[in-house]
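S.K.: got a sequence here, can you model it:
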Amino acid sequence: MLGCLVMVKAAGDRGMHKMIVETDSMLLKMAIGGGNLSLAQTGGLVHEIMATASACLSSFDVSYYPRSCNSVAHELAVKGCTPSVL
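M.R.: As a prediction, this is how the structure comes out:
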């Protein structure tokens with residue numbers, strides 16, 4: 001959730017007005033999509049994400065895709081985090 005907050009702030013700082021977040025976290029999708037998780041441990045982050053999105057963006061949506069749909073992105077992330085051996 002912290003990554004989502006950072007992305008929303010960065011989008012606002014760069015003058016973007018619309019944002020679609022794609023995540024493999026159903027918890028994030030439900031929390032931002034109106035699920036009542038405001039009392040959960042992550043509730044403060046959810047409120048900050050929503051407040052920042054409301055202040056900076058005209059359109060904000062979160063879409064859920066299972067991890068299996070993001071296998072290419074995960075493989076690229078692993079390669080990007082692995083130091084190259086020369």
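S.K.: would you map the strands across this protein?
M.R.: 18-23, 59-64 (DSSP state E).
S.K.: turn these into a markdown table, columns for mean pLDDT.
M.R.: Formatted as a markdown table, these follow (pLDDT from 0 to 100):
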| stretch | mean pLDDT |
| --- | --- |
| strand 18-23 | 91 |
| strand 59-64 | 92 |
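S.K.: which among those strands is found nearest to residue 51?
M.R.: Evaluated with CB to CB, these place strand 59-64 nearest to residue 51, the distance being 11.1 Å. Where you see a C-beta, it was placed from the backbone N, CA and C, and this is true even at glycine.
S.K.: now that closest one, how far from the centre of its chain.
M.R.: From the chain centre to the centre of strand 59-64 is a distance of 9 Å (CA atoms, centre = their mean, to the nearest Å).
S.K.: could you do stretch 62-82 as well?
M.R.: The chain centre lies 13 Å from the centre of stretch 62-82; the measure is CA atoms, centre = their mean.
S.K.: likewise stretch 2-21?
M.R.: 9 Å.
S.K.: and residue 64, how many neighbours?
M.R.: 16 (other CB atoms under 10 Å).
S.K.: do residue 56 as well
M.R.: 19.
S.K.: do residue 4 as well
M.R.: 22.
S.K.: quick one: it and residue 74, what's the gap?
M.R.: 17 Å (CB to CB, to the nearest Å).
S.K.: and the helices in this structure?
M.R.: Applying DSSP state H to the chain gives helices spanning 2-13, 26-32, 43-56, 71-81.
S.K.: mind putting the ones you listed into a markdown table with distance to residue 20 and mean pLDDT?
M.R.: Putting the helices of the chain into a markdown table (distance: least, CB to CB, whole Å; pLDDT from 0 to 100) gives the following:
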| stretch | distance to residue 20 | mean pLDDT |
| --- | --- | --- |
| helix 2-13 | 10 | 91 |
| helix 26-32 | 12 | 85 |
| helix 43-56 | 11 | 89 |
| helix 71-81 | 15 | 79 |
